[in-house]
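# Sharing a model prediction with you, sequence too.
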Amino acid sequence: MSFGSIWAVGAGNMGGAMLRRWLTTGLDPARLTVIRKSGAAFAEGVATLSAVPADGDAPELLLLGVKPQMLDLVAGPLAAAMRPGTVLVSILAGVEDAALRARFPGARIVRAMPNLPVAIGQGVVGLHMVDDEPELRAAIDELMAPLGLVAWMDDAAAMDVVAAVAGSGPAFLYRFVDALAAAGVAAGLPVEQSAELALATVVGAAAQAGASDVGPAEMAERVASPGGSTRKGLDVLDGDAGLGALMTRTIAAAVARNREMAAAAR
Ligand SMILES: NC(=O)C1=CN([C@@H]2O[C@H](COP(=O)(O)OP(=O)(O)OC[C@H]3O[C@@H](n4cnc5c(N)ncnc54)[C@H](OP(=O)(O)O)[C@@H]3O)[C@@H](O)[C@H]2O)C=CC1
Ligand SMILES: O=C(O)[C@@H]1CCC=N1
C-alpha cells in the first residue's frame, strides 16, 4: 500500500469495516491510528485515541468516517493537525468536495462511497475526485482493491445515487430477505424455516448471478418455466405498482436525503 501512515477518524460500522478488511489483507497495524469518540480499543496493535492529537505526526492518509452531522466537530482540530498534501478520503454520504475543501484546505480530497460487504472483500466502493491526479488515483485504486468492486464516478452528483444504490443497497436487500421470509410464513411455512430458506435462497441466487455470464433478467427467465408458478409471481413483481416502482421510490427517497445532507454541509 502506498500510504505510510493512516489516521481513521470514526471507526464505526462503515469505517470499521474498511479498516478491518485492510488489516486482514496486510495493513500493518502500526501504521494505523484510530480516532473515535469513545477511544475504545479498535484492534491489536492499532493506536486508538479519543481526540485528534494536537502534536502528533500528521498522516499521509486520513479516512474520514464520522456521520455527516459530526463533520464540524472534528474538522477544526483535524485541519490544524494535517499537513499540506495529506490525502483525505471521505466516506460521508452527501458531503461534497467543496464542503470538504473549505474545511480541509490543502488536502488532496477523494470521496468514497463504500458499503458494508467490504468487510468480506465483496463490497462496492464508488469513488470521485475533482483533481486529475493519476498517481493518486492509482494509489487509491490499490488501497480500495481488497474491498471489492471499485467504480470511479466522473460526475460528482452520481455519488448521491451510488450512496443510495450501493451504500444503502445492502439494507434494502436485507429487507427483501425479511419480506420473502414473512410472505413464506403467511403462506404456511414455520417462522424459523422460512427465515432460513429465504436467506439461503438470496445468498445462493446472488452468488450464482455474480458468477454467471448472463444478466439477472435472463437468470429469472431460467427459473420461470412457461405456464408455471414463477411466472405468476413475476407478473406481480413486474406490475405497475410492483418492484420497479417501489425501488424507484426507495432510491429517490435515499438520494433526496443524501442531497439534504450535502446542503446542510455547504
Ligand atoms: N453504515 C453504512 O453502511 C455506510 C455509511 N457510510 C458513511 O459512513 C459514515 C459513518 O457511518 P457509520 O459507520 O454507519 O456510523 P457509526 O455511528 O457506526 O460510526 C460513527 C463513528 O464516528 C465516531 N465519532 C462520533 N463522534 C465523533 C467525534 N466527535 N470524534 C471522533 N469520532 C467520532 C464514532 O466513535 P465511537 O466508535 O467511539 O462511537 C464511530 O466510530 C457516515 O458518514 C455515513 O454516511 C457510507 C456508506 C455506507
Ligand atoms: O444511511 C446513510 O446515511 C449511509 C449512506 C449509505 C449507507 N448509509
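Yes, it's here. Ligands and ions are numbered 1, 2, ... in the order given.
# what ranges do the helices span in the stretch 101-250 of the chain?
Secondary structure of the stretch 101-250 of the chain (DSSP state H, counting those that start in this stretch): helices at 134-144, 158-162, 169-186, 191-211, 216-223, 229-237, 243-265.
# Output these as CSV; include the columns mean neighbour count, distance to ligand 2 and mean pLDDT.
Glycine gets a C-beta too; all of them are placed from N, C-alpha and C. CSV is the format used below for those (neighbours: other Cβ atoms under 10 Å; distance: least, Cβ to the nearest ligand atom, whole Å; pLDDT from 0 to 100):
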stretch, mean neighbour count, distance to ligand 2, mean pLDDT
helix 134-144, 16, 16, 96
helix 158-162, 21, 9, 98
helix 169-186, 14, 7, 98
helix 191-211, 13, 19, 97
helix 216-223, 12, 22, 96
helix 229-237, 12, 25, 97
helix 243-265, 15, 7, 97
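# quick one, what contacts the residue in the stretch 101-250 of the chain that ligand 2 sits nearest to?
Relative to ligand 2, the nearest point of the stretch 101-250 of the chain is residue 167 (2.9 Å; Cβ to the nearest ligand atom). Counting by Cβ atoms under 8 Å, 6 or more residues apart in numbering, residue 167 makes contact with 93, 113, 114, 115, 126.
# The fourth one: neighbouring residues, count only.
Summarising burial for residue 115: neighbours were counted as other Cβ atoms under 10 Å, giving 25.
# re earlier: out of the contacts of residue 167, which are inside strands?
Among those, DSSP state E puts 113, 114, 126 in strands.
# And the nearest residue to the second one once chain neighbours are set aside, how far from residue 232?
When you say that, I think you mean residue 114. Among residues not flanking residue 114 along the chain, residue 125 sits closest, at 4.6 Å (Cβ to Cβ, 6 or more residues apart in numbering). According to Cβ to Cβ, to the nearest Å, residue 125 and residue 232 sit 39 Å apart.
# Over to residue 256?
Distance of residue 256 to residue 232, computed by Cβ to Cβ: 34 Å.
# Then residue 218?
Note on residue 218: its distance to residue 232, by Cβ to Cβ, is 19 Å.
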